[in-house]
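J.: curious how this folds, go ahead:
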Amino acid sequence: MAIPDFQTLMRPVLAHLVDGEVRRTRDVKDSMADAFELTADERAQMLPSGRQRTMDNRVGWALTYLRQAGLVDQPARGRGVINAAGRDALASNPDRIDMKTLEAYPAYLDFRERTREKASTDPVPDVGDAAKADSGATPSDLLALAVATNRAAVEGEVLKAAMALSPTGFEDLVIALLSRMGYGRAGSVERTSASGDAGVDGIISQDPLGLDRIYVQAKRYAEDRTIDRPKIHEFAGALLGKQGDRGVLITTSRFSAGAAQEAERINARIELIDGRRLAELLVFYGVGVQAEETVTLYRLDEDYFESL
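T.: Numbers count the residues shown, from 1 in each chain. Below you'll find the model as predicted:
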């Protein structure tokens, strides 16, 4: 049997998890190879990059899409477990689950929208169409779409991981990010005491003497929680108490329009970073993620041949 595409794998993967046991991703991949009766050569087939088996890659993507749709939870690294929404999806779709099916889930629509935002500003074919030979998609189109899809998926997973941290763990994550971004390079970036420091969780000293400081507040809230105007007031008050005029408020949730307006209105300069932006920065600066694969596209160098 030929190696199935990742959409064909979605329902079998979900069905494999139906008993509610937490399963290792490695075991799910092996079980799918058995279920589809792959030969030894098919199991060993590698991606063109030579860095991962094709079947493992496709099962991995099936799991990624199921997680992004909210049908599978990831209780620990390399582990997956079905949830109530996943069981309902199996019952409602006895034959097949694919990207069209996942459109019924708001979490998946949000994931798809984030993917589109990250794709090139030029029109990029839909994933389903891009896989067709007659889609008109160039290799660059397909690669751009693959990168955008991967980036959106990883950012969603990074944000969930950040929300699962303890309050002090989240503060440490924020400090690590700011350091990686280059803040405090001539001075320091440090977290304040665990008991808090009058509404300030971290201090960026931009010079060795600490004369130029930026104050940091980190709020680990549920993704659907909104930070409103009063929280901006509180942080501004904490800055005033430190005789500071610059601050960064970073959260895993979101800010209301009133909060954004308040940050613009007050005398102190306060930068607001919500959960989506935080996830983008973590991935961009390589905090909490690992580079998995690098792909190079080649084109003919016409100038070279014309010079011969």
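
J.: going by C-alpha atoms from here, please, whenever you check contacts or count neighbours.
T.: Fine.

J.: strands of the stretch 151-300 of the chain, start to end?
T.: Using DSSP state E, counting those that start in this stretch, the strands of the stretch 151-300 of the chain run over 188-191, 202-205, 213-219, 226-227, 246-251, 254-255, 269-273.

J.: and of these, who's closest to Thr101?
T.: With C-alpha to C-alpha, the closest approach to Thr101 among those belongs to strand 254-255: 28.4 Å.

J.: what angle sits between the longest helix seen in the chain and strand 213-219?
T.: In the chain, with assignment by DSSP state H, the single longest helix is helix 139-163. Counting by axes from the mean of the first three to the mean of the last three C-alpha atoms, to 10 degrees, helix 139-163 lies at 80 degrees to strand 213-219.

J.: packing partners for helix 139-163?
T.: Helices and strands touching helix 139-163, by 3 or more C-alpha pairs under 8 Å, 6 or more residues apart in numbering; DSSP states H and E, are helix 54-68, helix 106-118, helix 167-180, helix 275-284.

J.: could I get those as a markdown table with mean pLDDT, mean neighbour count and distance to Leu239?
T.: Listed next are those as a markdown table, based on pLDDT from 0 to 100; neighbours: other C-alpha atoms under 10 Å; distance: least, C-alpha to C-alpha, whole Å:
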| stretch | mean pLDDT | mean neighbour count | distance to Leu239 |
| --- | --- | --- | --- |
| helix 54-68 | 94 | 22 | 38 |
| helix 106-118 | 90 | 17 | 34 |
| helix 167-180 | 93 | 19 | 18 |
| helix 275-284 | 96 | 20 | 22 |
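
J.: now the ones you listed in TSV, with distance to Arg299?
T.: Listed next are the helices and strands packed on helix 139-163 as TSV, based on distance: least, C-alpha to C-alpha, whole Å:
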stretch	distance to Arg299
helix 54-68	25
helix 106-118	24
helix 167-180	34
helix 275-284	27
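
J.: any idea how far Leu240 lies from Glu280?
T.: Look at Leu240 and Glu280: by C-alpha to C-alpha, to the nearest Å, they are 30 Å apart.

J.: one step back: same question for the longest helix of the chain, mean pLDDT?
T.: Average pLDDT, helix 139-163: 88.

J.: tell me the angle that helix makes with helix 106-118.
T.: On the basis of the same axes, to 10 degrees, helix 139-163 is oriented at 130 degrees to helix 106-118.

J.: what residues sit buried inside helix 139-163?
T.: By 16 or more other C-alpha atoms under 10 Å, the buried positions in helix 139-163 come out as 141-145, 148-163.

J.: and stretch 244-261, by the same measure?
T.: In terms of neighbour count (16+ other C-alpha under 10 Å), stretch 244-261 has its buried residues at 244-255, 259-260.

J.: below-threshold pLDDT in this structure: ranges please.
T.: Low-confidence segments of the chain, defined by pLDDT under 70: 1, 120-137, 193-198.

J.: can you rerun that using 50?
T.: Low-confidence segments of the chain (pLDDT under 50): 121-135.

J.: in terms of residue numbering, what are the domains of it?
T.: 1-104, 167-273 (automatic domain parsing).

J.: and the helices in the stretch 1-150 of the chain?
T.: Listed in chain order, the helices of the stretch 1-150 of the chain (DSSP state H, counting those that start in this stretch) span 6-16, 25-35, 40-44, 54-68, 84-92, 99-102, 106-118, 127-130, 139-163.

J.: possible to save those as TSV with distance to Ala218?
T.: Converted to TSV, the helices of the stretch 1-150 of the chain look like this (distance: least, C-alpha to C-alpha, whole Å):
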stretch	distance to Ala218
helix 6-16	36
helix 25-35	32
helix 40-44	46
helix 54-68	25
helix 84-92	32
helix 99-102	33
helix 106-118	24
helix 127-130	36
helix 139-163	11
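
J.: which among these is found nearest to Ser188?
T.: Ser188 lies closest to helix 139-163 among these, at 23.0 Å (C-alpha to C-alpha).

J.: show me the contact partners of that closest one.
T.: 64, 68, 111-112, 114-116, 118-120, 124-125, 127, 130, 170, 173, 220-222, 252, 275-276, 278-280, 282-283, 288-289, 297 (C-alpha atoms under 8 Å, 6 or more residues apart in numbering).

J.: equivalent analysis for stretch 99-118, please.
T.: Residues contacting stretch 99-118 (C-alpha under 8 Å, 6+ apart): 7, 65, 68-70, 145, 148-149, 151-153, 156.

J.: same thing but at 6 Å, please
T.: 68-69, 148-149, 152 (C-alpha atoms under 6 Å, 6 or more residues apart in numbering).

J.: equivalent analysis for stretch 210-217, please.
T.: Contacting residues not belonging to stretch 210-217 are listed as 200-206, 246-249 [C-alpha under 6 Å, 6+ apart].

J.: buried sites along that stretch?
T.: Across stretch 210-217, burial judged by 16+ other C-alpha under 10 Å covers 213-217.
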